[in-house]
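Participant: sequence below, structure please.
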Amino acid sequence: MIERRSVLKRLLGLTALSSITGVSSAFAQPVESRVELLMFDDPGCGYCHQWHREVGAAYRNSPEGRLAPLRVVQVRTGRPEGVTLASPVRATPTFVLVQDGREVGRLTGYGGADFFWGQLDPLMKKLKPGLPGGKAA
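Facilitator: Here you go, the predicted structure:
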């Protein structure tokens, strides 16, 4: 837990900067630091429904959710415009962590809340620091 917090604190450095300057974090972050978590979903996917029930609200309110806001994408619509994936998404749910429009990593499937959080942590550690010049906060 402590390691997870230190990584998130480093990556969230711009949040503190934006609160000091009064500028919204969306505008304070340079383009290269845009991060989001794409969830490829399907209306008939029971595991997708289970994730929404067990994790959805908690994710949105978590440090991870603030750093990488969730965008739900219907798998049938394909890859969102402006996003480069390492490979096609073939199963739901698939969670793809994206930075600067490029896939950082992914989780395929859902095996419960503990599984999700445990697998998400190593993905978050792959993010590049979001400050100009690539320096961490």
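Participant: is residue 115 within a helix or a strand, and which one?
Facilitator: helix 113-124 (DSSP states H and E).
Participant: tell me the mean pLDDT for that helix?
Facilitator: Averaged over helix 113-124, pLDDT sits at 96.
Participant: show me what it is packed against.
Facilitator: On a contact count with 3 or more Cβ pairs under 8 Å, 6 or more residues apart in numbering; DSSP states H and E, helix 113-124 meets helix 2-11, helix 63-67, strand 94-99, strand 102-108. Where C-beta positions appear, they are placed from N, C-alpha and C, glycine not excepted.
Participant: where among the ones you listed is average confidence lowest?
Facilitator: helix 2-11 (a mean of 45).
Participant: next, the residue nearest to the spatial centre of the chain: phi, psi?
Facilitator: Geometric centre of the chain, nearest residue: residue 37, 3.0 Å, by Cα atoms, centre = their mean. Taking degrees, to the nearest 10, you get phi -110, psi 120 for the backbone angles of residue 37.
Participant: tell me the bridge partners for it.
Facilitator: residue 70, residue 97 (DSSP bridges).
Participant: ditto for the one 4 residues further on
Facilitator: For residue 41, the residues forming beta bridges with it (DSSP bridges) are residue 74.
Participant: and the gap between it and residue 60?
Facilitator: As judged by Cβ to Cβ, to the nearest Å, residue 41 and residue 60 stand 15 Å apart.
Participant: more neighbours, the two?
Facilitator: residue 41 (21 against 12; other Cβ atoms under 10 Å).
Participant: check contacts around that one.
Facilitator: Shown in contact with residue 41 (Cβ atoms under 8 Å, 6 or more residues apart in numbering): 48, 72, 73, 74, 75, 92, 93.
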